[in-house]
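Enquirer: 3D, please:
(one chain, ligands or ions: 2)
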Amino acid sequence: SSSYDVHAVEEKWQPVWDQIDPFRADDAAVVAGEREKRYALTMFPYPSGDLHMGHAEVFALHDVLSRYWKFRGYEVLNPMGWDSFGLPAENAAIRNDEHPATYTYANIETQYESMKRYAVSFDWSRRLHTSDPEYYHWTQWLFLKLREQGLAYRKNSPVNWCPQDQTVLANEQVLADGTCERCGAEVTKKELTQWYFKTTHYAQELYDCLDDLQDSWIGKVVNAQRNWIGRSEGAHVVFEIEGHGPVTVFTTRPDTLFGATFFVVAADAKLAAEICTDEQRGAFEAYVDDVRKASDIDRMSTERPKTGVFLGRYAVNPVNGERIPVWAADYVLADYGTGAIMAVPGGDQRDYDFAKAFDLPIIHTVQPPADFEGEAYSGSGPAINSANDEISLNGMDVAEAKSTIIAWLESKGLGNGTVNFRLRDWLLSRQRYWGAPIPIIHCPACGEVAVPEDQLPVELPELRGADLKPKGTSPLGAATEWVNVDCPACGGPATRDTDTMDTFVDSSWYFFRYLSPNDDTQAFDPALAEAWGPVDFYLGGDEHAVLHLLYARFFTKAMRDMGLITWDEPFTAYLSQGKVINNGRKMSKSLGNGINLGAQLDEFGVDAVRLTLVFASPPEDNIDWADVSPAGSLRFLQRAWRLSGDVTSEPGVDAVTGDLTLRKLTHKTVHDAAQLLESYRFNVVVARIMELVNATRKAIDSGCGPADPAVREATETVALLLSMVAPYTAEEMWERLGHQPCVAQAPWPTVDPALLVEDTVTAIVQIQGKVRGRLEVAPDISEADLEAAALADADVVRAIDGREVRRVIVKAPKLVNIVV
Ligand code: ANZ
Ligand code: ZN
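Expert: Ligands and ions are numbered 1, 2, ... in the order given. Okay, here's the model as predicted:
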């Protein structure tokens, strides 16, 4: 045939590949150490609707590396599944009066069909769905294991509450004006008993290990994790509050202690109510009511006018015995540090604004530079105003003053150096239906009782439609037959926990379950985890840069401490891809600039869409669909395909006698492609394949001709390299070149080093920094030979013009610098 029908080719190869199943990972080979492993992971989708352009991009990029690793002889594990619990399915179920599973599994089938068509090299034997009881059995088991380790616990604490929607909100769902992002109602705080994972147990380790990931993870994600964990070094300092007792504060600037002119307690902390005197109680309570309505982000903002109320008592500054007033204010948060601060208006802008608002004294303890025009000064400089009878910090720089005052506080028993983290424990309870039930039974006699392991999974009861509507408590509470059970410990009447787990719990360990997805005796096989883990390359969206990655890291460390695995970090390398946008804007329904993946595939075919996405930009950059040309991609694929029909030499012909120029380009392309792929420069690899296609076309039409063995070598190389991006076209070429499927199983071409040597390179000769000559020299010329050649060159001799050569600096093979 002489025309290339993209859709016919797709239909032709899918069943052939299904039969050959080239991407099934061989556990035995890896466990036995016969082959080196590579675990390639890409984030699994939520089953809401069909795949979109974002999926198309990430799968295309991910597949390049996976297929490359297979070419290089690694045993590659490249699994796929669905993160299939969550709110979209639940909302659809309420709308359509059906079960969330209906929506979920229908979408999974749709996405599965699309993924098959898209021809990603997934090992489909590993397929999993987190909403299957076979999967969440082990999510529940891990929850119980974490609880045994003291890493899962219940506590009562204030959470964001929307009185309209009758549900808990995440901090991110509360708008800056304190209203609910969904319905606009004023969000309040509500005391609720909820389950938490103790992520803070690993705060230091989660922080420290980022140093090792610095080079192999995309930098912005490492930084985002650092900020989220928020490690601050500082000190705890004890202040005596008259008529109340000692209260500890956390400060990052103990060196400024002499400038602490007042004391502030978070208004909504228990401590504030305890300290408050009777005279001030009325004013205090009115203030707290207002505070409960504001969001944390707002409260910490330096922009916000400062508010507060005097609590009627005085604290004693431990360095100078000064009595300083104790205030309650909302700019201090109840759950950070100790919930109380020493206020230093000379050094902290928020304290400064507060001091101005309430007419409190301001003392500078660091000398600002002469040109400083601000108010509070937080920069470096010598300490001032900082001495008592025993010590003086005056003249010391900030670091020295800090360590000096910490030593003094420690010697007096008034404080100590400490580290504080911004990271909070992970609130995992959700008051909704479509998630893994928390496997706990509440017994009036025994308290919290774990569901015995042999009774797992705790399966979701059948609820549908209106039963799932939010009503302030978990919908599971309505399933009374399910809720009421005998206590596993005492046999008495008891009730099941009716909360389900945050879906982030499901996705914190799915990459372990891929190792043995059908094992009904354990969460995963530790021997397989040892063989395959950790994940060598993880590709996913920016939106998961903090939470998902942090939670997966937390689970990994916990599993290590349970003895289930031996490694510390789950993902050796991590990259987040850019977004597919259109006309410079994010695709959205309201802008009407969405690009439908299915329509693109129908118009241009899978290969052209994949090629477009890989070629458009480096993987981490955004792709503007307005700037790319899938039609151009298709034309290129047709050009490549045509080569395979023009080759007239037989398969297996020795290329040694072939055209040298084309051979050199072929070998250099293979050599460079390997290096580019290792550093994820996939778009450049495509550019190099295009160059090779053009050169091969020229060789056929106006060079050595189609019978030359170099033409076959080049075309086979094109097919092989192209298969990482455009698998259908490549397979078709491979067949037309006389080979059996699959091209993915072919060995990576051996590069002949002799063909990589460039014949000559140009050396530049400078005299007094000015270019005076150019020499064509061998690339491996020695420094001495290059110097001699330069000094003998006619142009150079003329330029030296008899002057004395004082120094010659040689950088072989490119540069000679002569000083006269
Ligand atoms: C005195 C001081 C002087 C402070 C100075 C800063 C500058 P990071 O780095 O974010 O950990 N702080 C402590 N607990 C707080 C709370 N619960 N709510 C609001 N602010 C709190 O910030 C630590 C600093 O933030 C601490 O150091 C404290 O103010 C304040 F020139 O103490 B500092
Ligand atoms: Zn009991």
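Enquirer: List the contacts of the residue of the stretch 551-700 of the chain found nearest ligand 2.
Expert: Among the residues of the stretch 551-700 of the chain, M562 lies closest to ligand 2, at 26.4 Å counting by CB to the ion. In short, each C-beta sits where N, CA and C put it, glycine included. Counting by CB atoms under 8 Å, 6 or more residues apart in numbering, M562 makes contact with K145, Q149.
Enquirer: any idea how far it lies from A523?
Expert: Between M562 and A523 the computed distance is 11 Å (CB to CB, to the nearest Å).
Enquirer: Okay, now the unreliable bits of the stretch 651-800 of the chain?
Expert: Applying pLDDT under 70 to the stretch 651-800 of the chain flags no residue at all.
Enquirer: Of all the residues in it, which one is nearest ligand 1?
Expert: Nearest residue of the stretch 651-800 of the chain to ligand 1 (CB to the nearest ligand atom) works out as Y680 at 34.5 Å.
Enquirer: now the strands for the stretch 351-500 of the chain?
Expert: For the stretch 351-500 of the chain, the strands defined by DSSP state E, counting those that start in this stretch occupy 415-421, 426-427, 429-430, 440-443, 447-450, 484-486, 493-496, 500-501.
Enquirer: Tell me the spacing between the residue of the stretch 501-650 of the chain found nearest ligand 2 and H244.
Expert: As assessed by CB to the ion, ligand 2 sits closest to M501 within the stretch 501-650 of the chain, at 23.2 Å. Relative to H244, M501 is positioned 41 Å away (CB to CB).
Enquirer: what sits against A545?
Expert: Contacts for A545 (CB under 8 Å, 6+ apart) come out as K220, V221, A224, Q225, S576.
Enquirer: what does T729 give?
Expert: T729 is in contact with Y4, V6, V9, D607, L637, A640, W641, L722, counting by CB under 8 Å, 6+ apart.
Enquirer: now with 7 Å?
Expert: By CB atoms under 7 Å, 6 or more residues apart in numbering, T729 lies in contact with D607, L637, A640, W641, L722.
Enquirer: in terms of contact, does the third one touch L720 like I think?
Expert: No: between A640 and L720 there is no contact under CB atoms under 7 Å: 11.6 Å.
Enquirer: Comparing those two, which residue is more hemmed in?
Expert: A640 (28 against 23; other CB atoms under 10 Å).
Enquirer: give me the element the more buried one is part of.
Expert: Secondary structure assignment for A640, by DSSP states H and E: helix 630-646.
Enquirer: Just the CA atoms of that helix, as PDB, please.
Expert: In PDB, the C-alpha atoms belonging to helix 630-646 read as follows (Å, rounded to 0.1, in the frame of the first residue of the first chain):
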ATOM      1  CA  PRO A 630      -0.900  17.900  15.000                       C
ATOM      2  CA  ALA A 631      -1.400  18.100  11.300                       C
ATOM      3  CA  GLY A 632       2.400  18.800  10.900                       C
ATOM      4  CA  SER A 633       3.100  15.800  13.200                       C
ATOM      5  CA  LEU A 634       1.000  13.600  11.000                       C
ATOM      6  CA  ARG A 635       2.800  14.800   7.800                       C
ATOM      7  CA  PHE A 636       6.100  13.900   9.500                       C
ATOM      8  CA  LEU A 637       4.900  10.500  10.500                       C
ATOM      9  CA  GLN A 638       3.900   9.900   6.900                       C
ATOM     10  CA  ARG A 639       7.300  10.900   5.700                       C
ATOM     11  CA  ALA A 640       8.900   8.500   8.100                       C
ATOM     12  CA  TRP A 641       6.500   5.700   7.100                       C
ATOM     13  CA  ARG A 642       7.300   6.300   3.400                       C
ATOM     14  CA  LEU A 643      11.000   5.600   4.100                       C
ATOM     15  CA  SER A 644      10.200   2.000   5.100                       C
ATOM     16  CA  GLY A 645       8.600   1.400   1.800                       C
ATOM     17  CA  ASP A 646      11.500   2.700  -0.200                       C
END
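Enquirer: what comes up buried for it?
Expert: 630, 633-634, 636-637, 639-646 (16 or more other CB atoms under 10 Å).
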